[in-house]
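Engineer: Give me a 3D structure for the following:
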Amino acid sequence: MNRERLLEALSQVIYFPKKDNIVKLEMLDNLKIAEKEVYFDLLFPNLNDPGIKLILESCKNVIRKEFGEDIEVEINPKAQTASEEGALSGVKHILAVASGKGGVGKSTVAANLAIALSKKGKKVGLLDADIYGPSVPIMFGLENTQPKATEINGKVKVLPIEKYGIKVLSIGFFVQPEQALIWRGPMASSALNQLFNDAVWGDLDFMIVDLPPGTGDIHLTFTQSYKISGSIVVTTPQQVAIADVKKALTMFNQEKIGVPVLGIIENMSYFVPAELPDNKYYIFGKGNSEEFAKKNDTPFLGKIPMVASIAESGDAGNPITTSDNSPIGEAFSGLAEGVIKQTAMLERFNSN
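Structural biologist: Down below sits the predicted model:
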């Protein structure tokens, strides 16, 4: 059993509402094949379609007839979101920036990585998906700014705000800064989907998505609803932070999620005093993140030092990578190169 023979077998299954087979209609996604196991998502325009059960049974029957009755077949029906139909059709790579715990500088990394990628000539968007604690508006100096709207095919769409060459959108643009969002999981997930699907993103090489800390409802909605090229996990050197990174890696590596981890970034790696720029003080420990990455067979993308100018520039609405002569900007430039390299490798792998 291989991918080619499996697709050939599944092309016998017809989706009658569209009068063609499920392979040609590109309804299959996230296909995984083991020796005696097959898993894939099957995309439907509407999960209330009464014919879904029949299609699933037809797929299982065809696979077992072709490859044996002992084949384990698991099929996950999913709603075909606007990401497949157009809202994100111009986005080449969606990258998640995540962390196992809060307070590790995840949003700082997401914002500066987005700008660093833009400086490499890439078209970049930044979506602040930290529904409960959006900080991107502050980092980009957009606290009191609201996006404009436009009408497309009779539907009102939001235009992301452009600054520093980045298309930016955040839930923070739609609520008062002092307002606490007391939302249950489904409400937060719905808000996230609106940020993706009700916006005009246009053509992007990279969409950087700043996820909330942890591994909750937002993460599941995001990873199961959109085609994500890869994830980047941010940590600090302390063992307590790295212990939580393991949870993030486990989530992304789950078979039903299967989001590649492009690498680990260590933030606040060492302290550099402004008056002694050549001195490095490893106040949170040294080498823990690199050792963890190696042990878990995950690329280590680099270290970001702890200097006052990073926090000051973010609070002032001017991420440090906007400065051409900043040594920290050079560190983020290196991270951007690593991300570009990793996504290019994934593209080559997937094309084969």
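
Engineer: The spatially closest residue to Ser170 that is not a sequence neighbour: neighbour count?
Structural biologist: Closest residue in space to Ser170, ignoring its immediate chain neighbours: Asp128 at 3.4 Å, by C-beta to C-beta, 6 or more residues apart in numbering. C-betas here are computed from N, CA, C, even on glycine. Residues lying near Asp128 (other C-beta atoms under 10 Å) number 27.

Engineer: Next: the one 5 residues further on.
Structural biologist: Each residue near Gly133 was counted by other C-beta under 10 Å, and the total is 14.

Engineer: separation between Ser333 and Ser118?
Structural biologist: 11 Å (C-beta to C-beta, to the nearest Å).

Engineer: Tell me where the stretch 201-350 of the chain has strands.
Structural biologist: For the stretch 201-350 of the chain, strands defined by DSSP state E, counting those that start in this stretch occupy the ranges 204-210, 230-235, 261-271, 300-306.

Engineer: Name the strands paired with the last one and say parallel or antiparallel.
Structural biologist: Read that as strand 300-306. Here strand 300-306 has these sheet partners by DSSP bridges: strand 261-271 (parallel).

Engineer: The partner strand to strand 230-235, inter-axis angle?
Structural biologist: 20 degrees (axes from the mean of the first three to the mean of the last three C-alpha atoms, to 10 degrees).

Engineer: Return the set of buried residues in strand 261-271.
Structural biologist: Along strand 261-271, these residues count as buried under the neighbour rule (16 or more other C-beta atoms under 10 Å): Val261, Leu262, Gly263, Ile264, Ile265, Glu266, Asn267, Met268, Ser269, Tyr270.

Engineer: Also stretch 143-155?
Structural biologist: Buried residues in stretch 143-155, counted by 16+ other C-beta under 10 Å: Pro147.

Engineer: Now do that stretch: distance from first to last residue.
Structural biologist: Terminal residues of stretch 143-155 lie 26 Å apart, using C-alpha to C-alpha, to the nearest Å.

Engineer: what is the mean pLDDT for that stretch?
Structural biologist: Mean pLDDT, stretch 143-155: 81.

Engineer: now swap in stretch 218-231 and tell me
Structural biologist: Mean pLDDT, stretch 218-231: 83.

Engineer: What of stretch 38-49?
Structural biologist: Throughout stretch 38-49, pLDDT has a mean value of 85.

Engineer: Please apply the same query to stretch 97-104.
Structural biologist: 84.

Engineer: try stretch 328-340
Structural biologist: On average, stretch 328-340 scores 87.

Engineer: Show me where the stretch 51-200 of the chain has its strands.
Structural biologist: Under DSSP E, counting those that start in this stretch, the stretch 51-200 of the chain gives strands at 72-79, 91-98, 124-128, 148-152, 155-159, 161-163, 166-170.

Engineer: helices or strands up against the second one?
Structural biologist: So the one you mean is strand 91-98. helix 106-119, strand 204-210, helix 217-225, strand 230-235, helix 239-253, helix 327-351 (3 or more C-beta pairs under 8 Å, 6 or more residues apart in numbering; DSSP states H and E).

Engineer: As JSON lines, these with mean neighbour count would be great.
Structural biologist: Listed next are these as JSON lines, based on neighbours: other C-beta atoms under 10 Å:
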{"stretch": "helix 106-119", "mean neighbour count": "26"}
{"stretch": "strand 204-210", "mean neighbour count": "24"}
{"stretch": "helix 217-225", "mean neighbour count": "20"}
{"stretch": "strand 230-235", "mean neighbour count": "26"}
{"stretch": "helix 239-253", "mean neighbour count": "18"}
{"stretch": "helix 327-351", "mean neighbour count": "16"}
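
Engineer: of all those, which lies closest to Tyr39?
Structural biologist: helix 217-225 (13.4 Å; C-beta to C-beta).

Engineer: Point out the other elements, helices or strands, that that closest one touches.
Structural biologist: Helix 217-225 packs on strand 72-79, strand 91-98, helix 185-197, helix 239-253, going by 3+ C-beta pairs under 8 Å, 6+ apart.

Engineer: Tell me how far that helix lies from the chain's centre.
Structural biologist: Centroid separation for helix 217-225 versus its chain: 10 Å, with C-alpha atoms, centre = their mean, to the nearest Å.

Engineer: repeat for stretch 88-101
Structural biologist: Distance, centroid of stretch 88-101 to centroid of chain: 2 Å (C-alpha atoms, centre = their mean).

Engineer: Pull out the buried positions in it.
Structural biologist: In terms of neighbour count (16+ other C-beta under 10 Å), stretch 88-101 has its buried residues at Leu88, Val91, His93, Ile94, Leu95, Ala96, Val97, Ala98, Ser99, Gly100, Lys101.

Engineer: who's in contact with the fourth one?
Structural biologist: Looking back up the chat, that one is Ile94. Leu88, Met207, Val209, Tyr226, Lys227, Ile228, Ser229 (C-beta atoms under 8 Å, 6 or more residues apart in numbering).
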